[in-house]
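>>> give me the fold of what follows.
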Amino acid sequence: MNDLEIVVATQKYIKLHHNDVDFSIENICNSIGYSRRQLDRLFHKFLQTTLYEYVNAIVLSKSAEKLINTDDNVLDVALDSHFTSHEGYTRSFAKRFSVTPDEYRSEERRVGKECEGMC
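A predicted model of the protein is given here:
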């Protein structure tokens, strides 16, 4: 495989396995057969981000969908997203989306209700 195919294969693996109980950077590297340093180099080359930042973006985006589409409390969403604490999740979420998970859920649901009558 060439470098780009390795990045694409890694992206596919992440999207398929991000909900696995044992999902981790280490497992990604083992499954793809490259070290974290090698994958970081390739991700930076093609995506201008590190493997960790890419994984974090995917996990947070999926958790944002869960906040909108379920009534799970934020702690459960955080734990399901492989975070070990509500605080760490909220900090990462706010850094990515510029609002807390609770604010995001409230705003997205409000906009969704407003759109129901107009869209």
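>>> and the residue most central in space within the chain, how far from G33?
Centroid-nearest residue in the chain, with Cα atoms, centre = their mean: V59, separated by 1.6 Å. V59 sits 22 Å away from G33, going by Cβ to Cβ, to the nearest Å. Yep, even glycine has a C-beta here, placed from its N, CA and C like the rest.
>>> how about D76?
34 Å.
>>> more neighbours, those two?
Legend: neighbour count by other Cβ atoms under 10 Å for D76 and G33, higher for D76 (13 against 10).
>>> which strand or helix spans that one?
Assigned by DSSP states H and E, D76 belongs to helix 74-80.
>>> cool, D72 as well?
For D72, there is no host helix or strand (DSSP H and E).
>>> so what pLDDT did it get?
Per-residue confidence at D72 stands at 96 (pLDDT).
>>> what's the nearest residue to it if we skip its chain neighbours?
K66 (6.4 Å; Cβ to Cβ, 6 or more residues apart in numbering).
>>> number of nearby residues for that neighbour?
K66: 16 neighbours (other Cβ under 10 Å).
>>> could you do I68 as well?
I68, neighbours per other Cβ under 10 Å, totals 13.
>>> residues making contact with the host helix or strand of it?
Assessed by DSSP H and E, I68 sits inside helix 51-69. Under the contact criterion Cβ atoms under 8 Å, 6 or more residues apart in numbering, helix 51-69 has outside partners 10-11, 14-15, 18-19, 25, 28, 36, 39-40, 43, 47, 49, 72, 74, 77-78, 80-82, 89, 92-93, 96-97, 101, 104-105, 108-109, 112.
>>> ChimeraX command to pick out the buried ones of these?
In ChimeraX, this line selects whichever of the contacts of helix 51-69 come out buried by 16 or more other Cβ atoms under 10 Å:
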select :10,14,18,28,39,40,43,74,77,78,80,81,82,89,92,93,96,101,104,105,108
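>>> from the contacts of helix 51-69, which ones fall inside helices?
10-11, 14-15, 25, 28, 36, 39-40, 43, 47, 74, 77-78, 80, 89, 92-93, 96-97, 101, 104-105, 108-109, 112 (DSSP state H).
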